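> The following comprises the amino acid sequence and a computationally predicted model.
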Amino acid sequence: MVVGVLSWQLHLDGCHSLKEKRMILRSLKDRLRARLNVSVAETDHHDSWQRAELAVVTVAGDFRRAESILGQADGLVAFDPRVRIIDSFRMFH
């Protein structure tokens with residue numbers, strides 16, 4: 001069993017309120033959950049309008065599968081025009 005964790009530091013350039021930020025992050029989290037069956041949470045920068053940290057976690061039978069799921073999650077976030085990835089971090093246990 002392998003646990004994979006991926007977190008992103010995100011910049012949300014067009015946000016002008018926390019409400020707008022929450023709508024964008026909710027949409028992104030819902031898509032990650034629905035398409036990849038991962039756990040996802042906002043883990044930092046809760047009170048910043050244009051900054052967010054999201055993390056996803058997956059559990060897989062082997063390293064290759066966990067790596068594939070996190071790669072798909074990274075692609076999904078990278079191609080969302082509402083957010084820009086500032087930094088990311090992957091970890092496997």
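Received the coordinates, thanks. Numbers count the residues shown, from 1 in each chain.

> CA only for contacts and neighbour counts going forward, please
Fine.

> I figured Gln9 hits Ser88, correct?
Yes. Contact criterion CA atoms under 8 Å: Gln9 and Ser88 qualify, at 6.1 Å.

> So for those two, which sits in the more crowded spot?
Using other CA atoms under 10 Å as the criterion, Gln9 and Ser88 rank with Gln9 on top: 19 against 14.

> how far away is the residue nearest to the spatial centre of the chain from Ala73?
The geometric centre of the chain, computed from its C-alpha atoms, lies nearest to Leu54 (CA atoms, centre = their mean), at 4.3 Å. Distance, Leu54 to Ala73, by CA to CA, to the nearest Å: 11 Å.

> check contacts around Arg90.
Taking CA atoms under 8 Å, 6 or more residues apart in numbering, we find Arg90 in contact with 4-7.

> 7 Å instead, please
5-7 (CA atoms under 7 Å, 6 or more residues apart in numbering).

> all strands for this structure, in order.
Secondary structure of the chain (DSSP state E): strands at 2-11, 39-44, 51-60, 84-92.

> my read: the residue nearest to the centre of the chain touches Ser7, true?
Yes. Contact status for Leu54 versus Ser7: in contact at 5.5 Å, counting by CA atoms under 7 Å.

> Name the nearest residue to His93, sequence neighbours excluded.
Val3 (5.2 Å; CA to CA, 6 or more residues apart in numbering).

> just His16 next, same as before
Nearest one to His16, counting by CA to CA, 6+ apart, is Trp49 at 6.3 Å.

> and the one you found, how far is that from Ser27?
The spacing between Trp49 and Ser27, counted by CA to CA, is 16 Å.
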